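J.: Just a sequence and a predicted model for now, questions to come.
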Amino acid sequence: WSSDVCSSDLGLFLTEDKISNKSTLQLAENIKAKRQLELQNQSYGFASETRRKENFVIYFERLVNQRPADRSSWTCTLKSLKTFTNSSIAFQYITPEWLNDLKVHLLAQVSQITAWHYYSNIKYALNKAVKERIINSNPCNLVDNIKKPESKREYLVLDEIQKLMNTHCGNDNVKDAFIFSCFTGLRYSDVRNLKWKDIKDCKIQFTQKKTGNIQYLPISKTAQSIIDKRKGQYNEVEHKEEDVVFNLPTKVVCWEHIKNWAKLAEINKRVSFHTARHTFATLSLSYGTDLYTVSKLLGHKDIATTQIYAKIIDKKLEEAINNLTILNN
């Protein structure tokens, strides 16, 4: 150990006092052995004691800068995390008790659905820290999650879809893609990325952008008619296999077109691209498709996600029964 290393790395210094130097060098050797043990532990998958002392808030902030898609949610989570921790909390102090206090704080500051989003972001960050061997396990696994409230799932009935089909939209690509989604259940991201090469023999083969799973989806007659219509637009110039089927603008611009389009069609609902996906699910169940098949068509990993739509159908049936009038003879 040189005096330079002792000074720069450990804050230890060699002097003219040989007895003192002996103690200093022994301390340096102990620190060196400890660090070597940490490196050895890391190679076997154990978390580093040094890294466990790092500031989780700074780590979370780095993750925020890596998430362009949902950055707004993560930025708001970071702001709330800084308020709760005064911008500093070491990984080693994130315990189940601390997480329970955090949940109380979040629920007192924001709505339950927003608190659920924030807590989910924090849980994701801690899972990532486990993968990076900063901590051995995620303390969130020892704590109940904030319960996600059931949100209202807006969907369209066939009459409303027909109204939209008969109403002018400011963008034909948006109109065709939205109706196509109503009869396939594809997400905006998957519709936007859909290429001609993905459509073969009245079926779609694609990789879901959200889940990364390969999906095979049969195309209904209505969805196929939209495909045929778009093929007809390539009469003069043959489309290429790598071309996208729908040349869609950004999600925000699409939403503006759909909102204005629904208003013109006199549909008093908050309609978005996800409404088309909800519509596909409720229509499929309403017309007798079993829950398992609908779950597969939607690409859900867990059938419990699809059961939400089954509850909607059950409620519709209950309302229909309650509206029956019994006539006395």
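T.: Cool, the structure landed.

J.: going forward, measure contacts between C-alpha atoms and count neighbours the same way
T.: Noted.

J.: Surely residue 291 and residue 306 touch.
T.: Yes. Counting by Cα atoms under 8 Å, residue 291 touches residue 306, with 7.1 Å between them.

J.: From residue 231, how far off is residue 241?
T.: 12 Å (Cα to Cα, to the nearest Å).

J.: Please enumerate the shared neighbours of those two.
T.: Here residue 241 and residue 231 have no joint contacts, going by Cα atoms under 8 Å, 6 or more residues apart in numbering.

J.: So between residue 291 and residue 306, which is more surrounded?
T.: residue 306 (21 against 18; other Cα atoms under 10 Å).

J.: ok, now which ones touch the closest residue to that one other than its chain neighbours?
T.: Nearest in space to residue 306, with sequence neighbours left out and distances taken as Cα to Cα, 6 or more residues apart in numbering, is residue 295 at 5.6 Å. Contact analysis of residue 295 by Cα under 8 Å, 6+ apart lists 301-303, 306.

J.: most surrounded residue in those residues?
T.: residue 306 (21 neighbours).

J.: what about that one, helix or strand, and which?
T.: helix 303-322 (DSSP states H and E).

J.: Could you give the average pLDDT over that helix?
T.: For helix 303-322, mean pLDDT rounds to 68.

J.: before we move on, back to that, which one of the contacts of residue 295 is nearest to residue 162?
T.: Checking the contacts of residue 295 against residue 162 by Cα to Cα gives residue 306 as the nearest, at 25.2 Å.

J.: distance of residue 220 from residue 80?
T.: As judged by Cα to Cα, residue 220 and residue 80 stand 46 Å apart.

J.: and the two? which has more neighbours close in?
T.: Applying other Cα under 10 Å to residue 220 and residue 80 shows that residue 80 carries more neighbours, namely 20 against 13.

J.: Spell out the secondary structure type for that one.
T.: State at residue 80, reduced to three classes by DSSP: H, G, I helix; E, B strand; the rest coil: helix.

J.: So for it, what's the nearest residue that isn't a sequence neighbour?
T.: residue 106 (7.6 Å).

J.: what's near enough to touch that neighbour?
T.: By Cα under 8 Å, 6+ apart, the neighbours of residue 106 are 80, 115, 118.

J.: what's the answer for residue 251, then?
T.: Shown in contact with residue 251 (Cα under 8 Å, 6+ apart): residue 188.

J.: Then the one 10 residues further on?
T.: Under the criterion of Cα under 8 Å, 6+ apart, the contact list for residue 261 reads 164, 167-170.

J.: run the last query once more with 6 Å
T.: residue 169 (Cα atoms under 6 Å, 6 or more residues apart in numbering).

J.: where's it, which helix or strand?
T.: In this structure, residue 261 is located in helix 251-264 according to DSSP H and E.

J.: May I see the buried residues of that helix?
T.: Buried residues in helix 251-264, counted by 16 or more other Cα atoms under 10 Å: 254-255, 257-259, 261-263.

J.: what number of residues lie near residue 24?
T.: The number of residues near residue 24, taken as other Cα under 10 Å, comes to 17.

J.: now swap in residue 186 and tell me
T.: Counted with other Cα under 10 Å, residue 186 comes out at 26.

J.: Need phi/psi at it.
T.: phi -70, psi 140 (degrees, to the nearest 10).

J.: So for it, what's the nearest residue that isn't a sequence neighbour?
T.: Using Cα to Cα, 6+ apart, the closest residue to residue 186 is residue 277 (6.3 Å).

J.: can you tell me how far that neighbour sits from residue 83?
T.: 37 Å.

J.: Look at those two and report which has more neighbours.
T.: Shown here are residue 277 and residue 83; by other Cα under 10 Å, residue 277 has more neighbours (25 against 12).

J.: pLDDT score assigned to that one?
T.: 88.

J.: Let me know the secondary structure of it.
T.: helix.

J.: Output stretch 168-183 in CSV, but only the C-alpha positions, please.
T.: Provided in CSV are the C-alpha atoms of stretch 168-183 (Å, rounded to 0.1, in the frame of the first residue of the first chain):
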residue,chain,number,x,y,z
HIS,A,168,-66.2,12.0,-41.4
CYS,A,169,-62.9,11.9,-39.5
GLY,A,170,-60.0,14.4,-40.0
ASN,A,171,-57.6,11.6,-40.7
ASP,A,172,-58.5,8.5,-42.8
ASN,A,173,-55.6,6.5,-41.3
VAL,A,174,-56.8,7.1,-37.8
LYS,A,175,-60.4,6.2,-38.8
ASP,A,176,-59.4,3.0,-40.4
ALA,A,177,-57.0,2.0,-37.7
PHE,A,178,-59.5,2.7,-34.9
ILE,A,179,-62.3,0.6,-36.5
PHE,A,180,-59.7,-2.1,-37.3
SER,A,181,-58.8,-2.1,-33.6
CYS,A,182,-62.5,-2.4,-32.6
PHE,A,183,-62.6,-5.7,-34.5
